[in-house]
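Enquirer: got a predicted structure plus its sequence, pasted below:
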Amino acid sequence: MEKQRQVFLNGKFIPESEAKISIYDSALMFGDMVFEMTRSFNKKQFKLREHLERLYASIKYLRIPIEMTIDEMEKNVYKTIEKNDPMFEKDDEHRIMIDVSRGLLGFYQDVIGLSKGPNIIIADFPLRWTVASMGHLFDKGINAVITSQRTIPASLLEPKVKNRSRIHYLMANIEVSGQAGEDNWALLLDPDGFIAEGSGDNFFIVKDGKLITPEPRNILRGISRQYVIDELSSQLKIPCYEKNIEPYDVMMADEAFMTATPFCILPVTKLNGVQIGDGKMGKITKKLLDTWSENVSVDIIAQIKKYSKSKKAGGKSAPTAYQFKNK
């Protein structure tokens, strides 16, 4: 029997196919689960501590009573990587997924054989699963489609908590799946009509040599977004501003791009089918991505394009965080 990757589940390592939680878990009943997903470069984790700090902020906000400290969580992440690395190919990167749920609802606490209390799950799988279909987007770019589905504002449900209640993202992706053409990704507005975020990514425009990204009150504050704001823009001496952006501003921008942990930066070359700039990855977008590559000693574009040609790229016929497929 082929050896399986190991998943950390409540203090034990078990085969990936056996890692399960109860049908009575609060995560299934309410989407009551917080999570983080990281990636490595040359198998070295990138911004792991920042991801864990956001995870523990989410745990605090949802009042999930876990006993594991952030330092212990970090050690368990590295133990999980160590367990699984022998099963990874040389060019694979570690994509860590951490899920924390509240556990069984009170009604079901006495079901025989079910563990009580919060669930802590750490899984480790190849990054190529997430990015395998994205290689061509560095050349062609994304057509961002504004959806009728709005983002949920902080006044209704705090979007800065990274949780599994993400049906509004899925509804946006379902809506966009009806658009003609390919490479259409959702772009959600906030209730005031300003650009907010994608369905798993943050958004930037470039205008007159300046970076502009939506104000952070109604979005998930991405780790990659913050890296661009705090480090890359400073390193390259590119001014960066958080401010309200209207669809008009995007159409009139010189460049636009999305940021997210797995792909880092992807160019947005159209909005609702209307070309942005010259319809290609812009010079500043490319400079940011090249500098990121230099900082982590990995050619990000080349790596993802290589994964896109891999026969072990993972499934492409079901919904993802970024696109809805129903085949």
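Expert: Sure, I can see it.

Enquirer: residue contacts, the nearest residue to Y227 once chain neighbours are set aside?
Expert: Spatially, and ignoring its direct neighbours in sequence, Y227 is nearest to K47 (6.8 Å; CB to CB, 6 or more residues apart in numbering). Using the backbone N, CA and C atoms, a C-beta is placed for each residue, glycine as well. Each residue near K47 by CB atoms under 8 Å, 6 or more residues apart in numbering is listed here: T38, I223, Y227.

Enquirer: leaving out chain neighbours, which residue sits closest to H51?
Expert: Nearest residue to H51, sequence neighbours excluded (CB to CB, 6+ apart): E36, at 4.5 Å.

Enquirer: report how many residues lie close to the one you found.
Expert: For E36, the count of nearby residues is 24 (other CB atoms under 10 Å).

Enquirer: what's the spacing between whichever helix or strand it is part of and its chain's center?
Expert: Under the criterion of DSSP states H and E, E36 resides in strand 33-37. A distance of 10 Å separates the centroid of the chain from that of strand 33-37, by CA atoms, centre = their mean, to the nearest Å.

Enquirer: would you agree Q179 is in contact with I146?
Expert: No. With contacts counted by CB atoms under 8 Å, Q179 stays clear of I146, the gap being 10.9 Å.

Enquirer: ok, the two, which is more surrounded?
Expert: Set side by side, Q179 and I146 show more neighbours around I146, with 19 against 15, by other CB under 10 Å.

Enquirer: show me what contacts the more buried one?
Expert: If a contact means CB under 8 Å, 6+ apart, then I146 has L187, L188, L189, P247, L271, N272 as its contacts.

Enquirer: wouldn't the fifth one be in contact with A256 here?
Expert: Just to be clear, that refers to L271. Yes. Counting by CB under 8 Å, L271 does reach A256; the two are 7.4 Å apart.

Enquirer: pLDDT value on the residue nearest to H51, please?
Expert: At E36, the model reports a pLDDT of 98.

Enquirer: can you pull the contacts of the residue lying closest to R164 once chain neighbours are set aside?
Expert: Among residues not flanking R164 along the chain, M33 sits closest, at 4.2 Å (CB to CB, 6+ apart). M33 makes contact with S26, A27, D99, V100, S101, R102, N163, R164, according to CB under 8 Å, 6+ apart.

Enquirer: residues contacting the fifth one?
Expert: Residues in contact with S101 (CB under 8 Å, 6+ apart) are I21, D25, S26, A27, D32, M33, I64, P118, N119.

Enquirer: show me how the record splits the protein into domains.
Expert: 6-126, 137-308 (automatic domain parsing).

Enquirer: CSV for the ones you listed, including distance to S317?
Expert: Compiled in CSV, the domains of the chain are given as follows (distance: least, CB to CB, whole Å):
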stretch, distance to S317
domain 6-126, 18
domain 137-308, 13
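
Enquirer: if I look at the residue nearest to F88 when sequence neighbours are not counted, how far off is I265?
Expert: Nearest non-adjacent residue to F88, counting by CB to CB, 6+ apart: P126, 6.5 Å away. P126 sits 21 Å away from I265, going by CB to CB, to the nearest Å.

Enquirer: buried deepest among the domains of the chain, which one?
Expert: Mean neighbour count (mean count of other CB atoms under 10 Å) peaks for domain 137-308 among the domains of the chain, with a mean of 19.

Enquirer: just checking, which of the contacts of M33 belong to strands?
Expert: D99, V100, S101 (DSSP state E).

Enquirer: looking at it, the first one is touching P118, isn't it?
Expert: No. With contact defined as CB under 8 Å, D99 does not count as touching P118 (10.4 Å).
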